[in-house]
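>>> A structural model of the following input is requested.
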Amino acid sequence: MPKPDFSTMVKRWPSAFVARTEFNKFTGGLYSNKYLANLDGKGLGPEGRIRAGRKILYPVDAVIRWLEARAELVG
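Numbers count the residues shown, from 1 in each chain. From the prediction side, this is the model:
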């Protein structure tokens with residue numbers, strides 16, 4: 001089954017990283033930062049997580065791969 005293409009999100013994002021607090025904005029409300037924190041605690045969040053001070057950041061490319069792995073086209 002074909003997978004959705006989330007790569008257009010990268011073109012609209014002004015940084016190479018997505019802060020966990022901005023994840024909801026990056027995904028258009030698909031995932032909240034609290035849900036993502038829960039997934040991270042279980043080892044199920046995007047790879048390459050970085051802590052910078054009190055912020056958690058994810059490389060944009062890793063976020064796109066993670067979103068594409070979790071999604072499928074319906075219909």
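
>>> give me the neighbour count for residue 58.
The tally of other residues near residue 58 (other Cβ atoms under 10 Å) stands at 24. For glycine as for every other residue, the C-beta is placed from the backbone atoms N, C-alpha and C.

>>> that one in helix, strand or coil?
The three-state label given to residue 58 by DSSP: H, G, I helix; E, B strand; the rest coil is strand.

>>> looking at residue 2 now. What's its pLDDT?
For residue 2, the pLDDT comes out at 67.

>>> what's near enough to touch the residue nearest the centre of the chain?
Central residue of the chain (Cα atoms, centre = their mean): residue 63, 3.6 Å from the mean position. By Cβ atoms under 8 Å, 6 or more residues apart in numbering, the residues touching residue 63 are 18, 23, 26, 46.

>>> cutoff 6 Å now
For residue 63, the contact set (Cβ atoms under 6 Å, 6 or more residues apart in numbering) comprises 18, 46.
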